[in-house]
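K.L.:
Okay, sequence plus prediction incoming.
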Amino acid sequence: DTGVSQDPRHKITKRGQNVTFRCDPISEHNRLYWYRQTLGQGPEFLTYFQNEAQLEKSRLLSDRFSAERPKGSFSTLEIQRTEQGDSAMYLCASSFTNSPLHFGNGTRLTVT
Amino acid sequence: RKEVEQDPGPFNVPEGATVAFNCTYSNSASQSFFWYRQDCRKEPKLLMSVYSSGNEDGRFTAQLNRASQYISLLIRDSKLSDSATYLCAVNGVGGGGADGLTFGKGTHLIIQP
């Protein structure tokens, strides 16, 4: 395991459809984060897990968004009833406690 | 003051020159500071941590000024391959617990031959 892996790399969907992204963190890392990045902006925090517990959700994360990390391993981020404003790069990162975040290569979502 | 603020640039710099940019942060209690590099349409990659006493990694030097609440990145003898967006990241400002990072919008650097 050489890094954080995200799938798919790209997703094009029609408005109103549901999408799900997957993140496989670095195996030894106990923390997993989801960020969203749009053009010209830095990554914005969405939510994070310590092991399997979801400890915090940003106010950016509307009710249409849900994230899970069953068994404290991989994580999924689901967006229901997608809107054009959801178009962005969705980044997953993982870390040990008190260490820097390491990002996956992201899932680029386009909602048409 | 915005939580984490950077000059977006672009900084157009001739190859071989020295370039520096700063990043200001809002929370005086922040303890962890980082510079990330992001290439176009790629993920951010950790460039270096920023330590209280300042630190150097080859051509790159990072410094922290707690009194004025900013961090800086200096690149010496710039290479064409240094062209990228440089993101600063600070803990304790936004969400994500103690290790969660809040990012600036990034500074776009273009090294010209």
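P.N.:
Structure received. Numbering: from 1, shown residues only, chains lettered A, B, ... in the order given.
K.L.:
For the rest of this, base every contact and every neighbour count on C-alpha atoms.
P.N.:
Will do.
K.L.:
State the pLDDT value of the residue of chain B found nearest chain A.
P.N.:
With CA to the nearest CA, the shortest gap between chain B and chain A falls at B:Lys105, namely 4.1 Å. On pLDDT, B:Lys105 comes in at 96.
K.L.:
quick one: it and A:Leu39 touch, right?
P.N.:
No - contact between B:Lys105 and A:Leu39 fails when scored by CA atoms under 8 Å: they sit 9.6 Å apart.
K.L.:
Going by how many neighbours each has, rank those two and give me the top one.
P.N.:
The neighbour comparison of B:Lys105 against A:Leu39 (other CA atoms under 10 Å in any protein chain shown) goes to B:Lys105, with 24 against 10.
K.L.:
a helix runs through that one, doesn't it?
P.N.:
No - using DSSP: H, G, I helix; E, B strand; the rest coil, the secondary structure at B:Lys105 is coil, not a helix.
K.L.:
got a list of what the residue lying closest to it once chain neighbours are set aside touches?
P.N.:
Spatially, and ignoring its direct neighbours in sequence, B:Lys105 is nearest to A:Gly42 (4.1 Å; CA to CA, 6 or more residues apart in numbering or on different chains). A:Gly42 is in contact with B:Leu87, B:Phe103, B:Gly104, B:Lys105, B:Gly106, counting by CA atoms under 8 Å, 6 or more residues apart in numbering or on different chains.
K.L.:
which SS state does the residue nearest to the second one when sequence neighbours are not counted fall under?
P.N.:
In this case it means B:Phe103. Nearest residue to B:Phe103, sequence neighbours excluded (CA to CA, 6+ apart): B:Ala89, at 4.4 Å. Of the three states, B:Ala89 takes strand under three-state DSSP.
K.L.:
Which pLDDT value goes with B:Ala89?
P.N.:
Listed pLDDT for B:Ala89 reads 96.
K.L.:
What residues are bridge-paired with it?
P.N.:
B:Phe34, B:Phe103 (DSSP bridges).
K.L.:
for the closest residue to A:Thr76 other than its chain neighbours, what are its contacts?
P.N.:
Nearest residue to A:Thr76, sequence neighbours excluded (CA to CA, 6+ apart): A:Arg22, at 4.5 Å. Taking CA under 8 Å, 6+ apart as the criterion, A:Arg22 is in contact with A:Gln6, A:Asp7, A:Pro8, A:Phe74, A:Ser75, A:Thr76, A:Leu77.
K.L.:
Helix, strand or coil: sort out A:Lys71 for me.
P.N.:
helix.
K.L.:
What distance do you get for it to chain B?
P.N.:
Using CA to the nearest CA, to the nearest Å, one obtains 20 Å as the distance from A:Lys71 to chain B.
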